[in-house]
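Colleague: I'll drop the sequence and a predicted model, then ask my questions.
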Amino acid sequence: MSELTIDQLKQIMLLCSGVDDGVDLSGDITDQQFRELGYDSLAVLEMASQLQREYKLEIPDEAIEELNSPGDVLRYVNGKLAVA
């Protein structure tokens, strides 16, 4: 499977619940913390669930707790995809 890009991740993030309509995902958000972007823990869980479904990955709860920014997600998911 191909690598997850920041643009693909942004699309998934927009689908997640718990986010204000006014959240701005334009620009370089790679190293911004999810909470700074307006994402609460439920939105991060929803994002992880969506990634698991779309990319047929397993993301354990312990790993989800360590995903604090879009960059963390990209590194984790692309690391798993590279092994698969």
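Modeller: Received, thanks.
Colleague: Helices along the protein, start to end?
Modeller: Assigned by DSSP state H, the helices in the chain fall at 6-15, 41-55, 61-65, 70-83.
Colleague: where does this protein dip in pLDDT?
Modeller: Within the chain, the stretches with pLDDT under 70 are 1, 17-22.
Colleague: Apply 80 and report the result again.
Modeller: Applying pLDDT under 80 to the chain flags the ranges 1, 17-24, 84.
Colleague: list the contacts for the residue nearest to residue 32 when sequence neighbours are not counted?
Modeller: In this structure, residue 32 finds its nearest non-sequential neighbour in residue 69, 6.0 Å apart by C-beta to C-beta, 6 or more residues apart in numbering. From N, CA and C alone the C-beta is placed, and that goes for glycine too. Applying C-beta atoms under 8 Å, 6 or more residues apart in numbering, one finds that residue 69 lies in contact with 30-34.
Colleague: I'd like those residues laid out as CSV, including distance to residue 75.
Modeller: Shown next, in CSV, are the contacts of residue 69 (distance: C-beta to C-beta, whole Å):
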residue, distance to residue 75
30, 10
31, 11
32, 15
33, 15
34, 14
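Colleague: Write the PyMOL selection for whichever of the residues you listed are buried.
Modeller: Selecting the buried subset of the contacts of residue 69 in PyMOL, with 16 or more other C-beta atoms under 10 Å as the burial test, is done by:
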select buried, resi 32+34
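Colleague: quick one: which of the contacts of residue 69 is nearest to residue 43?
Modeller: residue 34 (7.4 Å; C-beta to C-beta).
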